[in-house]
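In: Please work out how this folds:
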Amino acid sequence: MSRQQASLVLISNSPTETFCIGRSLGEGLTGGDCVALTGELGAGKTCLTQGIAAGLGVPDSYVVASPTFTLVNEYPGRETSLYHLDVYRLRGSADLEEIGYQEYLMSDGVMVIEWAEKVSDAIPDDALNVELSYVDETVRRIEISGCPDRIRSWERTFKQGGS
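Out: Residues are numbered from 1 along each chain as shown. The predicted structure follows:
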């Protein structure tokens, strides 16, 4: 990583807590941001993304689901769109061109990428990296890393009990 990074580790005891963490993250994201999600199957990437969507103001009438077969889902937010990518089926970053990755990256929307480790060489240096891992059946460890100023801001948000 060419930029200085900081990290914040959170523990989620339920899908509801994971959603709330995502909502707080979403409230702090702005157009042009990229969130790179990594973690095992079932670790909570889509649940976190649903929270991010809520934080961005995506209407409840939209069902935010993993776009495994379509690869990209677009949702209108309050001030910016959410572009939700699932690159699980891609062989690598060379396949991103087929789905218009550069256009999404250059847009004024927020891009969330599930299975980002598969295309790590195409993730922007200033992306917010979120790694979800199992602690046990219901508990997850969520490590958020990125720009130190933004991490400190989210750290204050979470210490104050969320948004």
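
In: Flag every buried residue along stretch 27-37.
Out: Glu27, Leu29, Asp33, Cys34, Val35, Ala36, Leu37 (16 or more other C-beta atoms under 10 Å). Using the backbone N, CA and C atoms, a C-beta is placed for each residue, glycine as well.

In: residues in contact with that stretch?
Out: Here stretch 27-37 makes contact (C-beta atoms under 8 Å, 6 or more residues apart in numbering) with 25, 45, 48-49, 52, 55-56, 79-80, 105, 107-116, 120, 123-124, 126-132, 150, 153-154, 157, 163.

In: follow-up on the earlier one: need the max-distance pair from the buried residues of stretch 27-37.
Out: Across the buried residues of stretch 27-37, the longest distance by C-beta to C-beta is 18.8 Å; it joins Glu27 and Ala36.

In: Could you list the alpha-carbon positions for stretch 88-101 in CSV?
Out: In CSV, the C-alpha atoms belonging to stretch 88-101 read as follows (Å, rounded to 0.1, in the frame of the first residue of the first chain):
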residue,chain,number,x,y,z
TYR,A,88,-16.8,-14.1,-6.9
ARG,A,89,-17.3,-15.6,-10.3
LEU,A,90,-14.5,-13.6,-12.0
ARG,A,91,-11.2,-15.2,-12.7
GLY,A,92,-9.3,-12.0,-11.9
SER,A,93,-9.1,-8.2,-12.5
ALA,A,94,-8.9,-8.6,-16.3
ASP,A,95,-12.6,-9.7,-16.3
LEU,A,96,-13.6,-6.3,-14.7
GLU,A,97,-13.4,-4.6,-18.1
GLU,A,98,-16.5,-6.6,-19.3
ILE,A,99,-18.7,-5.2,-16.5
GLY,A,100,-17.7,-1.6,-17.0
TYR,A,101,-15.6,-1.4,-13.8
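
In: Kindly provide the whole-number mean pLDDT of that stretch.
Out: Averaged across stretch 88-101, pLDDT comes to 83.

In: Could you do stretch 63-71 as well?
Out: 78.

In: From the contact counts, what lies against the strand or helix carrying Ile52?
Out: If you go by DSSP states H and E, Ile52 is part of helix 45-55. Applying 3 or more C-beta pairs under 8 Å, 6 or more residues apart in numbering; DSSP states H and E, one finds that helix 45-55 contacts helix 15-27, strand 34-39, strand 82-86, strand 110-114, strand 128-134.
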